[in-house]
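[1] only the shape, not the letters, is given here:
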């Protein structure tokens, strides 16, 4: 998602079909097909550019191929050219995509994906195809986060996303040995990759006006972070395992409120997409070149 536009993908059958959608106007733009003709694992991202009048002028779709390597195989579609272009970029260390996290994070004018480095540690890959299309950078997550839960729970207890124009990292640390249940960091200096801890909360600090949820808190219930509220920076949405409900957590008063009826199945941030309709319709730029069959140009 970027500036009111949503990137959609129909993954079956291959090759994948990609669409740019404006949910407000219900305008759909179909991108030229690009293989593979067999199933492969990809991560995608959408980034847009606006002018001084806040009018959308162009968009770029980036697709990363999943494999462990010191090089990134990218496929980039630009609305200005109407073509898919292949790019092979060097990476500082060997990485692989984090399959448990879906989609990209758009913040600071760049796309971000959560990846795993050669030491098995989760980091973030940043790429800005407008500013520097031949370079990527790796950004570490907070050094004082809970590495044990990150490894044992395959990342389902960690949430990284954009909130009010900055990156945030929210963590749930279960277990009786863990002193703090909720912790959150915000990006302090993006260029240096420095994080600042905003708060740490113990289970005993939490409360709820809902009787069922309040009783569940005292029994060491399980939380999974889903999403930051797209408009309110003081609210985080989470899934409660035992009641099977989505709840909202207010950072200021440390209160949990029920936000949904019982769901009946486990969900994680993999399935949660925060989105707010823009105030005004967006005119989606039409690609200047249209072709059903495009050859990928490789740039080393």
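    Received, thanks. Everything numeric in this text was worked out from a predicted model, so none of it was measured.
[2] quickly list what the closest residue in space to residue 261 that isn't next to it in sequence is bridged to.
    Spatial nearest neighbour of residue 261, chain neighbours left out: residue 245 (7.1 Å); criterion: C-beta to C-beta, 6 or more residues apart in numbering. From N, CA and C alone the C-beta is placed, and that goes for glycine too. Here residue 245 shows beta-bridge partners residue 240, assigned using DSSP bridges.
[3] could you pull out the helices in the stretch 1-150 of the chain for me?
    147-152 (DSSP state H, counting those that start in this stretch).
[4] so, low pLDDT: which residues of it?
    12-14, 35-41, 100-102, 149-150 (pLDDT under 70).
[5] show the model's pLDDT score for the closest residue to residue 55 other than its chain neighbours.
    In space, and not counting its chain neighbours, residue 55 is closest to residue 283: 7.5 Å by C-beta to C-beta, 6+ apart. Listed pLDDT for residue 283 reads 75.
[6] same question, residue 152
    For residue 152, the model assigns a pLDDT of 60.
[7] same deal with residue 166?
    96.
[8] contact partners for it?
    By C-beta atoms under 8 Å, 6 or more residues apart in numbering, the contact list for residue 166 reads 107, 186-187.
[9] what do you get for residue 249?
    182, 206, 235-238, 255-256.
[10] now intersect those with the strands, please.
    Secondary structure from DSSP state E places 182, 235-238, 255-256 of the contacts of residue 249 in strands.
[11] what's the most distant pair in these?
    Within these, 237 and 255 form the most distant pair, 13.6 Å apart (C-beta to C-beta).
[12] check which element follows the helix or strand that contains residue 195 along the chain.
    Secondary structure assignment for residue 195, by DSSP states H and E: strand 194-201. Using DSSP H and E, the next helix or strand after strand 194-201 towards the C-terminus is strand 207-208.
[13] adjacent strands (with direction) for that following strand?
    Strand 207-208 has these strand partners (DSSP bridges): strand 255-258 (parallel).
[14] list the contacts of the strand it pairs with.
    206-210, 212-213, 217, 243, 245-250.
[15] so which of the contacts of residue 166 is surrounded by the most neighbours?
    residue 187 (22 neighbours; other C-beta atoms under 10 Å).
[16] correct me, but that residue touches residue 167?
    Yes - using C-beta atoms under 8 Å, residue 187 is in contact with residue 167, at 4.1 Å.
[17] for the residue of the chain most remote from its centre, what are phi and psi?
    The C-alpha centroid of the chain is most remote from residue 211, which lies 33.1 Å away (C-alpha atoms, centre = their mean). Residue 211 has phi and psi values of phi -60, psi -50 when expressed as degrees, to the nearest 10.
[18] and for the residue nearest to residue 72 when sequence neighbours are not counted, the neighbour number?
    The shortest distance from residue 72 to any non-neighbouring residue, by C-beta to C-beta, 6+ apart, is to residue 89 (4.8 Å). A count of neighbours around residue 89, defined by other C-beta under 10 Å, yields 15.
[19] what do you get for residue 76?
    There are 20 residues near residue 76, going by other C-beta under 10 Å.
[20] contacts only, for it.
    Going by C-beta under 8 Å, 6+ apart, the list of residues near residue 76 reads 60-63, 84-87, 129, 133.
[21] same thing but at 10 Å, please
    Residue 76 is in contact with 47, 60-63, 83-87, 127, 129, 133, 296, 299, counting by C-beta atoms under 10 Å, 6 or more residues apart in numbering.
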